[in-house]
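*Asks:* Next come a sequence and a model predicted from it.
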Amino acid sequence: MRCDHCANDVPDGVFCTRCGAHQGTTGEVGDAKNRTYRYAAHPSEHVVQPSVFTTIFPHLGHQKIHEFRWAFAVGLAGIAILYIAGLITAAILVAAFLVPVLYLIYLYEAQVYRDEPATVLGFTIGGGALIGLVLTVIERLVYNPYANIGNPLRGAGISVGAVLFVGLLVPVVQEVLKPLPALILPNRADFPETIDGLVFGIAAGLGFSLAESLVTFSNALANLPAHMAPGNWIFDLATLAVFQPLMQGSAAGIIVAAIWRYRRGRLGRREIGGVVTAVVAHVAFAMGTQLLKNAQASQLFVLVWQAAIVGGLLVYVRYLLHHALLEEAAHMGYAETVCPNCHMHIVASGFCPSCGVALTAAPTAVKRARKPRSEART
């Protein structure tokens, strides 16, 4: 059949396998390549939807995404139970490890690393953790607002210079150094797609976040009793378990994805805007949190501020990845494969003709199992 939108001859299906547009509709005419109402990695969602799991776990299909959502919910429930029981040090450790461990499992499930798991995981999560450890220790030696207080995220009044150090200089330096493990990854040519750069950047950012959290909370982990009154720790645990790792991972992922695009000869306003957005968002997250705490604002309001910053970052991740997937999927040849989202056996190019998902977002094992159409026929 001839696609209503890109005018290519394509296999019969609900979606065009060349441009991904929905067939038989008029709403997408003239806008098939720039649509935002159908996220390329998960077509049932809008691009401007700050969904955590379909954003930072882009290789996973619908069923697997639900499994990770349940695992995350169980982890949060475990943190809440530890908090209520007064086991704050245990809750801190679970909160710090929750998202990085889930991401490690995701990298294994999606086989993003192909045949070199030790190299990829060591250079991304391990390298990010090493940089986070060294950099955070240096930061605390220069200025440590948490040294003499039992709860590391309770800020007393500090000077303007200290606010600029914590809220401006430190975030900028972190965004310069965090992506390095992904950028020096050996055999980068084996991972050419933008989605690979995004995933490796997020992994490095989460490794960094884990090390930063452990160093930041080291006084509390060393000095708090095994059992104590819960107090107001729930707010800090929410930051530690959700907002800080998502901020660090998303910002690093955007920067690495933009550099991946530059290496492919693609450098436009999306890529430049992505780097600027990541740095500005990190500064806003750190400085806003510090200023609100200094002003003794409600801790709930602090969480709302952090959630707004993280939500904006997630939307930009989706925006950048969506357009990269649309562009890169359009250049794929026809092959026989299995859709990672709807699990249909299909002959397709860049998009599944059944559900419309971009096949460049498939797990590596699925991509490698693609058979060119000539082979599939024989």
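*Replies:* Right, received. Where do you want to start? As the structure is a computational prediction, the values presented were derived from the model and not from experiment.

*Asks:* Pull the number of nearby residues for Trp340.
*Replies:* Just to correct that, residue 340 is Pro rather than Trp. By other CB atoms under 10 Å, the residues close to Pro340 number 23. Quick note: C-beta positions are derived from backbone N, CA and C, even for glycine.

*Asks:* Return the backbone torsion pair for it.
*Replies:* Backbone torsions for Pro340, taken as degrees, to the nearest 10, come to phi -70, psi -10.

*Asks:* before we move on, what about Leu183?
*Replies:* phi -80, psi -20.

*Asks:* Could you report the neighbour count for it?
*Replies:* Around Leu183 there are 18 residues (other CB under 10 Å).

*Asks:* what does Tyr143 give?
*Replies:* Neighbours around Tyr143, by other CB under 10 Å: 15.

*Asks:* ok, the nearest residue to it once chain neighbours are set aside to Arg264 distance?
*Replies:* Nearest residue to Tyr143, sequence neighbours excluded (CB to CB, 6 or more residues apart in numbering): Phe165, at 5.5 Å. Relative to Arg264, Phe165 is positioned 37 Å away (CB to CB, to the nearest Å).

*Asks:* mind listing what Glu328 touches?
*Replies:* Glu193, Thr194, Gly350, Ala358, Thr360 (CB atoms under 8 Å, 6 or more residues apart in numbering).

*Asks:* now, the most widely separated pair of those residues?
*Replies:* Within these, Thr194 and Gly350 form the most distant pair, 13.5 Å apart (CB to CB).

*Asks:* can I get the contacts of Glu328 in JSON lines with pLDDT and distance to Val173?
*Replies:* Listed next are the contacts of Glu328 as JSON lines, based on pLDDT from 0 to 100; distance: CB to CB, whole Å:
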{"residue": "Glu193", "pLDDT": "83", "distance to Val173": "29"}
{"residue": "Thr194", "pLDDT": "87", "distance to Val173": "25"}
{"residue": "Gly350", "pLDDT": "80", "distance to Val173": "39"}
{"residue": "Ala358", "pLDDT": "81", "distance to Val173": "35"}
{"residue": "Thr360", "pLDDT": "79", "distance to Val173": "33"}
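
*Asks:* Neighbour-wise, which one of these leads?
*Replies:* Ala358 (29 neighbours).

*Asks:* how long is stretch 261-269 from one end to the other?
*Replies:* With CA to CA, to the nearest Å applied, stretch 261-269 spans 12 Å between its terminal residues.

*Asks:* Could I get the buried residue list for that stretch?
*Replies:* Arg261, Arg266 (16 or more other CB atoms under 10 Å).

*Asks:* tell me how far that stretch is from the chain's mean position?
*Replies:* Relative to its chain's centre, stretch 261-269 lies at 20 Å (CA atoms, centre = their mean, to the nearest Å).

*Asks:* and it, what's its mean pLDDT?
*Replies:* Mean pLDDT, stretch 261-269: 77.

*Asks:* okay, and for the stretch 51-200 of the chain, where does confidence drop off?
*Replies:* 114-115, 144-158 (pLDDT under 70).

*Asks:* at 50 what do you get?
*Replies:* 148-156 (pLDDT under 50).

*Asks:* just checking, Asn341 is part of a helix?
*Replies:* No: using DSSP: H, G, I helix; E, B strand; the rest coil, the assignment for Asn341 is coil, not a helix.

*Asks:* residue ranges for the strands of this protein, please.
*Replies:* Listed in chain order, the strands of the chain (DSSP state E) span residues 335-338, 345-348, 371-372.

*Asks:* Make a markdown table out of these and add mean neighbour count.
*Replies:* Listed next are the strands of the chain as a markdown table, based on neighbours: other CB atoms under 10 Å:
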| stretch | mean neighbour count |
| --- | --- |
| strand 335-338 | 18 |
| strand 345-348 | 18 |
| strand 371-372 | 12 |
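
*Asks:* With mean pLDDT and distance to Gln63 added, can I get these in TSV?
*Replies:* Below are the strands of the chain laid out as TSV (pLDDT from 0 to 100; distance: least, CB to CB, whole Å):
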stretch	mean pLDDT	distance to Gln63
strand 335-338	80	13
strand 345-348	78	17
strand 371-372	68	24
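
*Asks:* closest to Leu135 out of these?
*Replies:* Taking the strands of the chain one by one with CB to CB, strand 335-338 is closest: 42.1 Å.

*Asks:* quick revisit: just so I know, which of the strands of the chain lies nearest Thr89?
*Replies:* Using CB to CB, those put strand 335-338 closest to Thr89, at 45.6 Å.

*Asks:* what helices or strands is the closest one leaning on?
*Replies:* strand 345-348, strand 371-372, helix 373-377 (3 or more CB pairs under 8 Å, 6 or more residues apart in numbering; DSSP states H and E).

*Asks:* Need the nearest residue in space to Asp9, chain neighbours excluded.
*Replies:* Asp9 sits nearest to Arg2 (CB to CB, 6+ apart), 5.7 Å away.

*Asks:* Walk me through the domains of this structure.
*Replies:* Domains of the chain are assigned by automatic domain parsing as 1-35+330-378, 62-328.

*Asks:* Can you tell me which of these is most buried?
*Replies:* Ranked by mean neighbour count, the domains of the chain are led by domain 62-328 with a mean of 19 (mean count of other CB atoms under 10 Å).

*Asks:* biggest helix in the chain, by residue count?
*Replies:* Counting by DSSP state H, the longest helix found in the chain is helix 299-329.
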